[in-house]
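After the sequence you'll find the predicted model.
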Amino acid sequence: MQKELFEFKRPGYYGPYGGAFVPEILRTTIDELTSAFEEAYADPAFWPQYVDVMQSYSCRPTPISYLENLSRQLGGARIYCKREDLNHTGAHKANNVMGQGLLVKRMGKSRVIAETGAGQHGVATATMAARMGLECTIYMGAVDVERQRPNVFWMEQLGAEVIAVTDGTATLKDAINEAMRDWAASMENTHYVMGTVCGPHPFPQMVTYFQSIIGKESYQQMQKMTGGLPDHVYACVGGGSNATGIFLAFLDENNIELIGVEAGGKGIETGLHASRMQGGQLGVAQGYKTYFLQDAEGQMQETHSVAAGLDYIGIGPILSYLHDQKRVRFESATDEEVVEAAKMLIRQEGIIPALESSHAFAAVIREAPKMKKEQVILVNLSGRGDKDIFNIADAIGDEKWKLFLKQKVQQL
Amino acid sequence: MEVISQTESATVMNLTQYIQERLQQKKILLMTHAVVGYPSLQANWDMLETMQEAGVDLVELQFPFTEPSADGELFVKANQEALKNGIRRDDYFAFMQKATEAFDFPIFMMSYYNPVFVMGHRTICEQLKESGSSGYILPDLPVEEYGDLFTYSKAAELHPILLCAPTNTQQRLQEIALKGSGFLYCVARKGVTGAKTDIGQNVDRFLARCRKVSELPIALGFGLSHGTDIQNLHGKAEIAIVGSALLRSWLEKGKEGYQAHLQELVENCFPK
């Protein structure tokens, strides 16, 4: 199955999902990018070069930690955690941007653009651009600019121009639209660093390729640490890049259950969520065909999640396919469960998770107690939570933090 | 599936004939645009009446969508506001029907693919036919993805108007031209709707490349705003498309300004 995903029956399609629905103005650019990626993919020197960059610049291989306290407290399966939070810039996003950065160099372009939700992909792209000497523009929904101010600060310090997008719902999908509009005018010297396994072909495949480093490492590390492979693998799913990245290596081990956790927001029944597998319908937008949260007439709906990185209408076409094949089970976690999960991980294990990644933990907390003691869980901790200090402090209602903010404001 | 006639249908002939006949008096035809529901349905109606009086030749009515990815700032706002004004699918088709019954020019639906996909290829073609539309324009649907949309369009006597761009390879232009119908919608430059285009050698070269692969009438759009832009296209294209610039006039100068702008455009369609 792993192999199947990279050998198309119909170019760019995973079952009925995927494709490249772009205006003609971008067609040649998309074709050129596909060729550049295919050449790199076929070049035996490219993957080692990529791994070398990730080892010397981004702490790879990231470790796997055994979460002894959490395992004991939940009283079920043993829980292991892949530490993508220890990547440079604090999330798995670094894998994808450094990989695409190498491609940009191969293609000889001088400028990169990217969308960002939580800001992690924006920071990672700005970092890559600074390192590789590229101009950089980041599109970010105005709502996300508000809730992820620390990341905006760092992107600007890294030399990127951050454009707050006020169209539509002013979140991730609108940032993608705006980045596509920029690209439609600038493609000659500009590469669009899509941050997730969505958008037109070749992005889902290319981003999966770079993120597959997570699963490749995990597979070996788990064998070394536990003498076998995990029974369950959990990952949060926004667009789906950290999930696809960790799942890929385990796809062909049919006894391993793969679980993707979507944003349940304020609860599926409230309609304020981002669970495409529970409320989504097949559609075509943002350059690809997949399940979208949309109304009966095909207008995209508002989504909600406490985690900006999961607050998105669509889901990677590979995941839609794996869902149909019943290879990946999808769950959701509410904002409330997620904050509780984050608090638990912080206290029990001394690990501060991103609110996005905490979705995966919320499902683990629910399911681990029902599993046997000899069973093993692997959960992808896709990013660290420092960026969420305002949101987490807010959710926890920390009085000292509020006082600190008041004092800071008075000093201005 | 319905029986599809082997010969070109009456409407297909009609559009081709219509364009040829109008070109007897004019050097170039004018296609204009309105986003249904923005600023309001009443305003749209006034626009259409003004178009008819001024002598506009073809009209596109945009079915608003939440993700108008090929549109620039002004139309993005128009799509968003139209939806906020509560425009739904039924409102759109009711307006289309009223318009095709009241006015002489052929009217095309312009939208994005998702509303079409969700409605279903067959259903939307039947609905468009019922509403009197002459065809449709979907800038985010590549030619290889039309599938049975071509079949149902033919059955419903609709023209799928395909777009091509100066960045297309000659081979791609040929693929598009082969499948196109009615006229070929040539995107004048990179970027999205609304920004200015200089009709220079680049555009000339692009139009010449399109002419090589297609016998369809050629329409040029994206960034045309004034009479001089239309003048510059005499002998190079059969149809000039003006969208954002006219909406801007309506918003900034009201109905009279819009009327004056349309008149200026139409005057420049005639030989000097």
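That came through, no problem.

Output the longest strand belonging to chain B as CSV, nothing but the C-alphas.
What stands out as the longest strand in chain B, according to DSSP state E, is strand B:29-35. Taking Å, rounded to 0.1, in the frame of the first residue of the first chain, the C-alpha atoms of strand B:29-35 are listed here in CSV:
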residue,chain,number,x,y,z
LEU,B,29,-17.6,42.5,-29.2
LEU,B,30,-17.9,43.3,-25.5
MET,B,31,-18.6,40.8,-22.7
THR,B,32,-19.3,42.2,-19.3
HIS,B,33,-19.7,40.7,-15.9
ALA,B,34,-21.8,40.9,-12.8
VAL,B,35,-21.6,39.0,-9.5
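
can you list contacts of the following helix or strand past it?
Next helix or strand after strand B:29-35 toward the C-terminus (DSSP states H and E): helix B:41-54. The contact list for helix B:41-54 (CB atoms under 8 Å, 6 or more residues apart in numbering or on different chains) reads B:32, B:34-38, B:59, B:61, B:87, B:91, B:95, B:99, B:102-105, B:246, B:250, B:255, B:258-259, B:262-263, B:265-266. Quick note: C-beta positions are derived from backbone N, CA and C, even for glycine.

same thing but 6 Å
B:32, B:34, B:36, B:99, B:103, B:255, B:258-259, B:262-263, B:266 (CB atoms under 6 Å, 6 or more residues apart in numbering or on different chains).

which of the residues in it are buried?
Using 16 or more other CB atoms under 10 Å in any protein chain shown as the test for burial, helix B:41-54 gives B:41, B:43-44, B:46-48, B:50-51, B:54.

same thing with stretch A:120-134?
Those would be A:120-129, A:132, A:134, for stretch A:120-134 by 16+ other CB under 10 Å.

hang on, the earlier thing: put the buried members of the contacts of helix B:41-54 into a ChimeraX selection.
Command for ChimeraX that selects the buried part of the contacts of helix B:41-54, burial taken from 16+ other CB under 10 Å:
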select /B:32,34,36,99,103,258,259,262,266
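
and stretch B:189-206, does that touch chain A?
Yes. Using CB under 6 Å from any CB of the partner chain, stretch B:189-206 comes into contact with chain A via B:190-192.

What residues does residue A:62 make contact with?
A:83-84, A:86.

Reformat those as TSV; add pLDDT and secondary structure.
Shown next, in TSV, are the contacts of residue A:62 (pLDDT from 0 to 100; DSSP: H, G, I helix; E, B strand; the rest coil):
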residue	pLDDT	secondary structure
A:83	98	strand
A:84	98	helix
A:86	97	helix
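
List just the nearest of those residues to chain B.
residue A:84 (30.0 Å; CB to the nearest CB).

Tell me if I'm right that the closest one and residue A:94 touch.
No. Proximity of residue A:84 to residue A:94 does not meet the contact threshold set by CB atoms under 6 Å, at 8.6 Å.

anything in stretch A:28-45 near chain B?
Yes. Against chain B, stretch A:28-45 shows contacts by CB under 6 Å from any CB at residue A:28.

ok, back up a step: which of the contacts of residue A:62 are buried?
In the contacts of residue A:62, the ones that pass as buried (16+ other CB under 10 Å) are A:83-84, A:86.

Would you reformat those as TSV and include distance to residue A:197?
What follows is the buried ones among the contacts of residue A:62, written out as TSV (distance: CB to CB, whole Å):
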residue	distance to residue A:197
A:83	21
A:84	15
A:86	22
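
C-terminal to the longest strand anywhere in chain A, what's the next element?
Of all segments of type strand in chain A, defined using DSSP E, the longest is strand A:257-265. The element immediately downstream of strand A:257-265 (helix or strand, assigned by DSSP H and E) is helix A:276-279.

Give me the distance from that following helix to the chain's centre.
How far helix A:276-279 lies from its chain's middle: 18 Å, per CA atoms, centre = their mean, to the nearest Å.

Residues contacting it, please?
For helix A:276-279, using CB under 6 Å, 6+ apart, the contacting residues are A:268, A:291, A:293, A:315, A:323, A:330.

Next one: the residue nearest to residue B:60 when sequence neighbours are not counted from chain A, what distance?
Once flanking residues are discounted, residue B:60 sits nearest to residue B:110: 4.3 Å by CB to CB, 6 or more residues apart in numbering or on different chains. Computed as CB to the nearest CB, to the nearest Å, the residue B:110 to chain A distance reads 13 Å.
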